[in-house]
Structure formats: structure tokens, C-alpha cells
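1. Predicted coordinates and the sequence they were generated for:
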Amino acid sequence: LGLQYLLSEEGQFLRRELLLALTEDDQLHGAEIQSLWNLVKDDLPPGRLFNVALNALSTISSDGIGAILPKSPIPESPVSLERG
């Protein structure tokens with residue numbers, strides 16, 4: 001029942017707070033994530049997990065994605081496009 005709530009639309013706030021706690025101080029807390037996974041892995045069908053992950057990715061704005069991607073300059077091509 002708790003997992004159903006967590007994965008429901010009503011559980012969105014709790015999911016967000018959980019994610020913030022697991023990534024506190026700009027660090028991923030692996031031991032806590034492993035403990036949490038061990039609690040829910042038997043009740044979480046892989047298809048449902050995939051759908052939740054896909055939904056989470058689709059809700060990220062392009063600005064949000066731009067903020068997490070590394071910025072590297074695109075080098076200019078040394079190849080000339082002129083024919084001759």
C-alpha cells in the first residue's frame with residue numbers, strides 16, 4: 001500500500017522529497033538507495049519501474065536538461081566547403 005501511494009500522483013511530493021534527501025549535499029547516498037531498493041524490489045514490477053522512470057524523464061523541461069548537461073564548446077570544422 002505504501003509503495004502504491006509513493007508511485008501514485010498523490011505521492012509526487014513525497015517522491016520529490018525522497019529524491020532530495022537521497023541526493024543531499026550534491027552527493028548520491030548509495031547505501032540509503034540500496035536499503036530503499038531492498039525494501040521495494042519484490043513489490044516493484046520492472047515494467048512499472050520503467051514507466052515511472054520514463055514519466056519522470058518526460059516531465060523534465062529542456063531548461064532542466066540543459067542545466068545538468070556539461071557545456072563544451074563545439075570546435076569549428078577545419079574543412080572548407082568551397083569547391084575548387
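-> Okay, I see it.

2. pLDDT score for residue 84?
-> We have a pLDDT of 53 for residue 84.

3. Tell me the spacing between residue 18 and residue 34.
-> 14 Å (CB to CB, to the nearest Å). Every C-beta, even on glycine, is put in place using the N, C-alpha and C of the backbone.

4. Of those two, give the one with the bigger neighbour count.
-> It is residue 18, of residue 18 and residue 34, that has more neighbours when counted by other CB atoms under 10 Å, with 14 against 10.

5. Which secondary structure elements does the host helix or strand of that one sit against?
-> Using DSSP states H and E, residue 18 sits within helix 12-22. On a contact count with 3 or more CB pairs under 8 Å, 6 or more residues apart in numbering; DSSP states H and E, helix 12-22 meets helix 2-7, helix 30-40.

6. Now tabulate the ones you listed in JSON lines and tack on distance to residue 46 and mean pLDDT.
-> Compiled in JSON lines, those are given as follows (distance: least, CB to CB, whole Å; pLDDT from 0 to 100):
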{"stretch": "helix 2-7", "distance to residue 46": "13", "mean pLDDT": "76"}
{"stretch": "helix 30-40", "distance to residue 46": "12", "mean pLDDT": "83"}
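
7. most tightly surrounded among those?
-> Neighbour counts (mean count of other CB atoms under 10 Å) averaged over each of the helices and strands packed on helix 12-22 peak at helix 2-7, with a mean of 13.
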